[in-house]
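A.B. asks: Sequence isn't available, so here's the structure alone:
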């Protein structure tokens with residue numbers, strides 16, 4: 001009896017030490033079922049029975065690559081407990097097995113420890129899984145092809161009918177879906193390529209490809225996703241066609257946005273010599289026309305040119321005004337040349353004294369300035385009644401005839417060669433006392449061209465003025 005009492009007393013004294021540990025780990029159970037491809041969270045209760053707050057460190061042994069501790073250290077207040085979680089995510093390819101794991105905690109202040117051993121039963125729901133999924137690269141340009149390569153493995157002993165579902169998304173919107181049905185043999189792998197051709201004007205930005213592995217009942221067994229980027233392309237193709245017609249030329253310009261981004265305020269410019277401003281006729285109304293740095297500049301500004309959009313510009317440069325002005329200039333030049341190069345007669349005079357005899361010497365200069373000979377050249381001059389002809393002709397003697405207008409002198413010169421020149425000289429004397437002077441009338445020349453056309457030329461009148469009034 002006494003012995004029993006002693007044993008009972010010792011048990012009662014030691015019981016608080018056994019039940020109340022300084023720090024303690026508690027689990028709901030010591031065995032957990034976890035499935036490949038699925039995440040399982042196992043709650044872990046950590047208790048601090050000490051009279052002070054303490055930092056506790058958590059560890060597992062042996063390390064398992066698909067087991068993650070939510071917190072590896074934490075501060076627990078005195079006489080308190082907290083819960084953390086173990087995250088368990090066995091990969092699809094993990095083999096079925098049971099793993100023994102020891103979970104331990106260690107006190108920073110008191111060096112107290114505690115541990116619990118538990119078991120993870122790895123269970124495979126399916127032996128089929130996606131073993132790899134990749135793209136040939138991450139950045140693409142429009143008009144290229146994206147190739148997604150998907151590898152599927154079968155660890156089971158039997159064949160399976162599978163469905164592969166691919167989805168292309170941008171900003172959460174599904175752009176394309178496609179299903180591919182396959183049969184995978186036991187203990188084997190297969191590779192499936194999914195191709196997507198980007199549009200010529202594929203919008204830039206980030207895209208996502210989602211791949212789903214489903215069984216014949218369309219239950220999703222595994223999934224993967226990859227992202228790629230379509231880069232921005234800014235490119236404009238410009239063509240210019242010029243066609244020439246009578247008195248004008250027409251210009252047609254085509255611009256097309258072959259990039260994948262819209263162009264704001266796109267500007268087309270044409271330059272020309274500034275004198276063409278008056279001959280410019282646009283059929284597509286320009287935004288501005290001005291003279292800049294001694295050039296005529298025309299601009300068309302497009303508020304927006306979308307991908308794939310084109311724009312047509314047309315204008316004409318009309319030369320009719322230039323032609324008219326040119327013809328006028330040519331006409332003036334021809335008139336000037338014709339007056340300069342045609343046969344001509346000039347009349348001049350001078351005073352002369354010989355042996356105290358004073359008289360007026362009249363000169364008629366006949367010139368064939370043309371490039372062709374002239375025929376039947378006849379020179380006619382009239383001496384007014386106020387004077388008389390001195391019949392002393394030095395070279396050519398004219399026929400003389402008295403008329404109401406005065407004395408008519410006529411010389412027949414025949415043919416004059418191109419550039420040939422003849423000078424006719426005769427003398428006259430006033431018949432009365434002259435005060436101031438008098439006028440000698442026009443001298444005329446008539447001739448026949450090579451084609452037989454009769455033409456003529458007239459000299460200017462000549463004013464004879466005396467320095468001292470009186471009779472010569």
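C.D. replies: Sure thing, it's come through. Every value quoted in this text rests on a predicted model; they were computed, and no experiment measured them.
A.B. asks: all helices of the protein, in order?
C.D. replies: Counting by DSSP state H, the chain has helices at residues 2-19, 320-341.
A.B. asks: any idea what sits nearest residue 183, other than its immediate chain neighbours?
C.D. replies: Leaving aside its chain neighbours, residue 183 sits nearest to residue 161 (5.4 Å; criterion: Cβ to Cβ, 6 or more residues apart in numbering). Any C-beta I mention is one placed from the backbone N, CA and C, and that applies to glycine too.
A.B. asks: Against residue 300, how distant is that neighbour?
C.D. replies: Distance, residue 161 to residue 300, by Cβ to Cβ, to the nearest Å: 62 Å.
A.B. asks: Neighbour count for those two, which is higher?
C.D. replies: Set side by side, residue 161 and residue 300 show more neighbours around residue 300, with 20 against 12, by other Cβ atoms under 10 Å.
A.B. asks: Quick check: the more buried one vs residue 266, distance?
C.D. replies: 9 Å.
A.B. asks: sorry, back to before: confidence-wise, which of the helices of the chain is weakest overall?
C.D. replies: For the helices of the chain, mean pLDDT drops lowest on helix 2-19, to a mean of 51.
A.B. asks: just to revisit the earlier point, for the residue nearest to residue 183, what are its contacts?
C.D. replies: Counting by Cβ atoms under 8 Å, 6 or more residues apart in numbering, residue 161 touches 181-183, 215-216.
A.B. asks: for residue 99, what are its contacts?
C.D. replies: 64, 119-120, 122.
A.B. asks: Now with 10 Å, please.
C.D. replies: By Cβ atoms under 10 Å, 6 or more residues apart in numbering, residue 99 lies in contact with 34, 62, 64, 66-67, 88, 90, 118-122.
A.B. asks: ok, of the residues you listed, which come out buried?
C.D. replies: 34, 66-67, 88, 90, 118, 120, 122 (16 or more other Cβ atoms under 10 Å).
A.B. asks: in the sheet, who's paired with residue 167?
C.D. replies: residue 177, residue 210 (DSSP bridges).
A.B. asks: In stretch 343-357, which of the residues would be classed as buried?
C.D. replies: In stretch 343-357, counting by 16+ other Cβ under 10 Å, buried: 343-347.
A.B. asks: ok, residue 162 - how many residues close by?
C.D. replies: 20.
A.B. asks: Next, find the distance separating it from residue 181.
C.D. replies: Distance from residue 162 to residue 181, by Cβ to Cβ: 7 Å.
A.B. asks: cool, and residue 263?
C.D. replies: Separation of residue 263 from residue 181 (Cβ to Cβ) stands at 45 Å.
A.B. asks: Look at those two and report which has more neighbours.
C.D. replies: A direct count of neighbours by other Cβ under 10 Å for residue 263 and residue 181 places residue 263 higher, at 19 against 10.
A.B. asks: Nothing else from me, thank you.
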